[in-house]
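Chemist: Task: produce atomic coordinates for the following.
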Amino acid sequence: MTAAGQVTTIDPASGARLADYDETTDEQVDATLDRAHRAFLAWRDVPVAERAAAVGTLGPALRDRADELARLATREMGKPLAQSQAEVEKCAAACEWFAEQGPAMLRADPREIGALSSHVEYGPLGVLFAIMPWNFPYWQVIRALAPAAIAGNVVVLKHAPSTTGAAIALAEVTAASALPPDLLSVIVAGFDRTPKVSERIINDDRVAAVTLTGSTGAGRAVAALAGQALKKTVLELGGSDPFIVLADADLDAAADYAVRARFQNTGQSCIAAKRVIVEEPAYDEFTARFLAGVARLVTGDPMGPGVTVGPLARADLRDAVARQVDESVRAGARLLAGGQADPRPGFYYQPTVLDQVTADMPVLAEEVFGPAVPLVRAADAEEAVRLANQTRLGLGSNLWTADIARARLLASRIDAGHTAINGMTASDPRLPFGGVKESGYGRELSRHGILEFVNVHTVVAYGPHGPEGSRAADVE
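Modeler: As a prediction, the model looks like this:
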């Protein structure tokens, strides 16, 4: 493996260096996995109710350092401070919800098959390797950690290099809670070293399963490695979520939510509304309202009051959005707003809206991970659904209409893991979260998520003389 070096974090609002962190050496990786495995062997024997109560203490621990954590996330990845604060609070609330609901989700299910007794129980798998992105540096980790820990697993985290400080801070908060010190461990690795470090960890016998939130390319690589090692995976990958507006929708509300759904987190969200599809009779009126909402966005220093759009997290991400917009305009798309990198220091890009787009243009053919959105005309609801499904991805979706019964029928035909009718896609601990097609597989959150990383263990008991009265038990 490549020798360990350092990871440097950068303030995307200015381009200035924030901090340097030593990468985890090969020897330290081995020691971390050893400690994590030993922690699992002890943690698995703790009663579920006690595990849940310990996870619940993460909520107050997060709130105790909420301001510091929020500021750190904003400094490292550039989201407006109010959004970082909301992210920390969402993490705290989710820990408390899972602490309250988790034991019931893991309760054994009795089954009647004519034996003395029969039940299905849910036991932990072991050490979970979590590979997480920078865009929601706390929430992505907590939504894996909280349910996994209640189920009796422990987590080794390989976070995005650009949010290394947030990863270390979250591990400190976890250690300050009632959870065991090695329940969450952090591996620090830069971009160049990450593939080899990840391969080594996935192949290690002390690791039982893998969860990844990231790009489709990263998902393919991790799924291949985990498949070779025969280890369970959950993959939450990219999204190209449609935001469908039918002609009978409340256009003021739809436009307001479309702006929020696209430009939250400066457009850097897997479930952002990346394609706005509007039924023809409402197209012009909706577009006017949408553009007015975009004009009200405030771009600036993400630490500043009232700022709604900050910088992109890295220079290469800003440049990728610029390329997608520029190539689409050269191919015939029309700019309605924005279309340029912001001249101020840092990695800013203007909120951008395009129309007259076609399926082969980058702003439609690719996932745009930043503050740019195409508007697409649909002749009717049928074409809107067809256009919505015209993508290799299938994470979230949004559908606006006054006819709820019709909306439910249309929603069932959209290829996505989530559809928000007259709302915007958002993850919620009470609901399963994940995608289809190239957006990945498996689910996070809710009971579906907590059961992803358990051994579904069937236990059947017969009397002391074995099964009687039937030879069915002898047939596989």
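
Chemist: gap between residue 95 and residue 416?
Modeler: If you measure residue 95 against residue 416 using CB to CB, to the nearest Å, the figure is 27 Å. Using the backbone N, CA and C atoms, a C-beta is placed for each residue, glycine as well.

Chemist: just residue 316 next, same as before
Modeler: With distances defined as CB to CB, the gap from residue 316 to residue 416 amounts to 28 Å.

Chemist: Tell me which of these two has more neighbours.
Modeler: Legend: neighbour count by other CB atoms under 10 Å for residue 316 and residue 416, higher for residue 416 (25 against 9).

Chemist: need the contact list for the more buried one.
Modeler: Contacts here follow CB atoms under 8 Å, 6 or more residues apart in numbering; on that basis residue 416 touches 241, 394-397, 435-436.

Chemist: And these, which of them are buried?
Modeler: Among those, those scoring as buried are 241, 394-397, 435 (criterion: 16 or more other CB atoms under 10 Å).

Chemist: Identify, from the residues you listed, the entry nearest to residue 329.
Modeler: Compare each of those with residue 329 using CB to CB and the shortest gap goes to residue 241, at 22.6 Å.

Chemist: Now do the contacts for the closest residue to the closest one other than its chain neighbours.
Modeler: For residue 241, ignoring the flanking residues on the chain, the nearest one in space by CB to CB, 6 or more residues apart in numbering is residue 396 at 4.4 Å. Applying CB under 8 Å, 6+ apart to residue 396 gives the contacts 239, 241, 270-271, 416-420, 425, 435.

Chemist: Just send these back as CSV, with distance to residue 232 and pLDDT too.
Modeler: Listed next are those as CSV, based on distance: CB to CB, whole Å; pLDDT from 0 to 100:
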residue, distance to residue 232, pLDDT
239, 23, 97
241, 26, 98
270, 21, 96
271, 24, 97
416, 23, 98
417, 18, 98
418, 22, 98
419, 27, 98
420, 29, 98
425, 26, 96
435, 17, 98
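
Chemist: What ranges in the stretch 1-150 of the chain fall below the confidence cut-off?
Modeler: Judged by pLDDT under 70, the stretch 1-150 of the chain has its weakly predicted residues at 1-3.

Chemist: Pretty sure residue 75 is one of the things residue 18 touches, is it not?
Modeler: Yes. Residue 18 lies in contact with residue 75 (CB atoms under 8 Å); the separation is 6.0 Å.

Chemist: which of the two has more neighbours?
Modeler: Using other CB under 10 Å, the more surrounded residue of residue 18 and residue 75 is residue 75, with 24 against 17.

Chemist: Run a quick check on that one versus residue 17, I expect a contact.
Modeler: No. The pair formed by residue 75 and residue 17 falls short of the contact definition of CB under 8 Å, at 11.3 Å.

Chemist: tell me the SS of the closest residue to residue 126 other than its chain neighbours?
Modeler: Using CB to CB, 6+ apart and skipping the chain neighbours, the partner closest in space to residue 126 is residue 208 (3.3 Å). When the structure is reduced to helix, strand and coil (DSSP: H, G, I helix; E, B strand; the rest coil), residue 208 reads as strand.

Chemist: Next, the contact list for residue 208, please.
Modeler: Taking CB under 8 Å, 6+ apart as the definition of contact, the neighbours of residue 208 are 125-128, 153, 231-232, 453.

Chemist: try residue 437
Modeler: The contact partners of residue 437, by CB under 8 Å, 6+ apart, come to 391-394, 415.

Chemist: export those residues to CSV and tack on pLDDT?
Modeler: Shown next, in CSV, are the contacts of residue 437 (pLDDT from 0 to 100):
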residue, pLDDT
391, 97
392, 97
393, 98
394, 98
415, 98
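
Chemist: and which of those is nearest residue 173?
Modeler: residue 393 (32.9 Å).

Chemist: What's opposite the closest one in the beta bridge?
Modeler: With DSSP bridges as the criterion, the beta-bridge partners of residue 393 are residue 437.

Chemist: Having no further points to raise, I will conclude here.
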